[in-house]
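J.: here you go, sequence then predicted model.
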Amino acid sequence: MTVIRSNKNPIIAPRDVSASNKGWEVIGVFNAGVAKYKDEVILMLRVAERPINDNSAVYMTPLYDSTSDRMIIQTIAKTSDCDFSDVRVIKTPDKSYLTSISHLRVARSNDGIHFKIDDKPTVLPGSIYESYGIEDPRITQIEDTYYITYSAISEYGICTGLMTTKDFVSFHREGNVFHPDNKDVVIFPKPIGGKYYALHRPSCSHYGKPEMWIAESSDLRQWGNHRHLASVREGFWDDGRIGASAIPFEIEEGWLEIYHGANKNNRYCLGALLLDKNEPWKVIARSEIPFMQPEDDFEVEGFFGNVIFPCGVLVEDNIVKIYYGASDTCVGYAETSLDHIKANLHLQSISRPTMR
């Protein structure tokens, strides 16, 4: 078994989601966190939307205004001193803005393929640190509580927020747990040696590169002892940036982390890291080639093409079920075997037993 994509792909597209405001349009539904709750598969979707704009001379940028607790629209003229080269961002001489704003919305399914999507947003931006939106949730279940990390975007940078839920109906915000700029935070599903661990991806402004780190905590809210975990690799498929995608899951050989890597042309593919079971800051093995890459039309073409980006997987009976964002536009579904991912791994330079 290699990677088998669903014949229903994309399983969720912008046409399936209603806009949160009259006169707005949904341009993307993607990068969904995934969890099992009772007998249902839960997707926590990132929904990107923007005002419908009939004036080609301006951009209409949506923002959350915390003082009035409502969405507002800022108009930006398309002048020569602005940079519009990235479809996701508007760069003016004063500051940068996003061309859309994202919220989180729950979808539920009994079979993991056909989802009923909530009619209204589940979680909207709600603070000054979320004025540009909230994005890319990851869901970790620890006992009966689901811990959801997400990117909080604003003029202050990209923080990582944390919220908790027990039922995917009511949610409690815990505040920012990683300062800017930091994203791709995933929490391990159980303590290791009496401590909780999380993978994260700080953005380094001078000397470092967008690479993966690991941190530890005693309470899931205060994080420290940050250590570098894995680097981008010159000449490889992930020489541009890397970051955690799925919640790490435990296998016989250690902790398996499915991560995303992009090359210098922003082509996003999937690989895996095998981390030591008792010392997860040690990398045992890593994919030298991606085990999944953009191939289908909806993965290659879209709002931001050549991207596959999961924020979660389910592992059942040796099958890894991957829910992934495609081209920053829609949600795809694929399955592969655990053996296929393990066969894709290559031992790293540290001495470790050979994998079975």
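T.: Thanks, I have it.

J.: residue contacts, the closest residue to residue 178 other than its chain neighbours?
T.: Once flanking residues are discounted, residue 178 sits nearest to residue 160: 3.8 Å by CB to CB, 6 or more residues apart in numbering. Just so you know, the C-beta spots here come from the backbone N, C-alpha and C atoms, and that holds for glycine as well. Residue 160 makes contact with 149-152, 176-178, 182-183, 185, 200, according to CB atoms under 8 Å, 6 or more residues apart in numbering.

J.: which of those residues count as buried?
T.: Buried positions within the contacts of residue 160, assessed by neighbour count (16 or more other CB atoms under 10 Å), are 149-152, 176-178, 182-183, 185, 200.

J.: low pLDDT regions in this protein?
T.: Scanning the chain with the threshold set as pLDDT under 70 gives 1, 349-356.

J.: helices of that one, start to end?
T.: For the chain, the helices defined by DSSP state H cover 297-300, 338-343.

J.: among those, which is nearest residue 86?
T.: Distance to residue 86, taken as CB to CB, is lowest for helix 297-300 among the helices of the chain, at 18.2 Å.

J.: distance from the chain centre to that closest one, please.
T.: In terms of CA atoms, centre = their mean, to the nearest Å, the centre of helix 297-300 is set 18 Å apart from its chain centre.

J.: show me the contact partners of it.
T.: Here helix 297-300 makes contact (CB under 8 Å, 6+ apart) with 9-10, 294, 306-308, 326-327, 329-330, 332.

J.: among these, who's most crowded?
T.: residue 326 (30 neighbours; other CB atoms under 10 Å).

J.: gap between that one and residue 103?
T.: Separation of residue 326 from residue 103 (CB to CB, to the nearest Å): 19 Å.

J.: before we move on, what about residue 135?
T.: 9 Å.

J.: between these two, which contacts overlap?
T.: In contact with both residue 135 and residue 103: residue 46, using CB under 8 Å, 6+ apart.

J.: out of the contacts of helix 297-300, flag the one nearest to residue 64.
T.: If you rank those by distance to residue 64 using CB to CB, residue 329 comes first, at 22.5 Å.

J.: ok, how many other residues are close to the residue nearest to the closest one when sequence neighbours are not counted?
T.: Nearest residue to residue 329, sequence neighbours excluded (CB to CB, 6+ apart): residue 302, at 3.7 Å. The local packing of residue 302 (other CB under 10 Å) involves 21 other residues.

J.: is it true that residue 302 touches residue 330?
T.: Yes. In terms of CB atoms under 8 Å, residue 302 counts as a neighbour of residue 330; the distance is 7.3 Å.

J.: isn't residue 14 right next to residue 327, touching?
T.: No. Using CB under 8 Å, residue 14 is not in contact with residue 327, being 11.4 Å away.

J.: re earlier: pick out the most distant pair among the buried ones among the contacts of residue 160.
T.: 152 and 200 (13.7 Å).

J.: for residue 264, give its distance to residue 237.
T.: Separation of residue 264 from residue 237 (CB to CB) stands at 11 Å.

J.: the two: which is more packed in?
T.: Taking residue 264 and residue 237 together and counting by other CB under 10 Å, residue 237 has the greater number of neighbours (19 against 10).

J.: might one say that residue 154 is in contact with residue 132?
T.: Yes. Using CB under 8 Å, residue 154 is in contact with residue 132, at 5.3 Å.

J.: who has more neighbours, the two?
T.: Neighbour totals were compared for residue 154 and residue 132, and residue 132 leads with 25 against 19 (other CB under 10 Å).

J.: could you find the closest non-adjacent residue to residue 261?
T.: Excluding the flanking residues, the one nearest residue 261 by CB to CB, 6+ apart is residue 238, at 2.6 Å.

J.: got phi/psi on the one you found?
T.: phi -120, psi 40 (degrees, to the nearest 10).

J.: how close does the residue nearest to residue 329 get to residue 122?
T.: From residue 302 to residue 122 the distance is 24 Å (CB to CB).

J.: cool, residue 92 as well?
T.: 32 Å.

J.: which of these two has more residues huddled nearby?
T.: Remark: of residue 92 and residue 122, residue 122 carries more neighbours, 19 against 15, as counted by other CB under 10 Å.

J.: the more buried one against residue 46, yeah?
T.: No. Between residue 122 and residue 46 there is no contact under CB under 8 Å: 11.1 Å.

J.: now do the shared contacts for those two.
T.: Joint contacts of residue 122 and residue 46 (CB under 8 Å, 6+ apart) are 103-104.

J.: right, and residue 25 touches residue 50 too?
T.: Yes. With contact defined as CB under 8 Å, residue 25 counts as touching residue 50 (6.4 Å).

J.: between the two, which one's more packed in?
T.: It is residue 50, of residue 25 and residue 50, that has more neighbours when counted by other CB under 10 Å, with 21 against 14.

J.: what segments of the stretch 51-200 of the chain are strands?
T.: Counting by DSSP state E, counting those that start in this stretch, one finds strands in the stretch 51-200 of the chain at the ranges 58-65, 70-77, 89-91, 96-98, 101-109, 116-117, 133-142, 145-154, 157-165, 172-178, 182-187, 196-202.

J.: out of those strands, nearest to residue 35?
T.: Nearest to residue 35, of the strands of the stretch 51-200 of the chain and by CB to CB, is strand 133-142 at 4.3 Å.

J.: what are the buried residues along that closest one?
T.: Result for strand 133-142 [16+ other CB under 10 Å]: buried residues 133-140.
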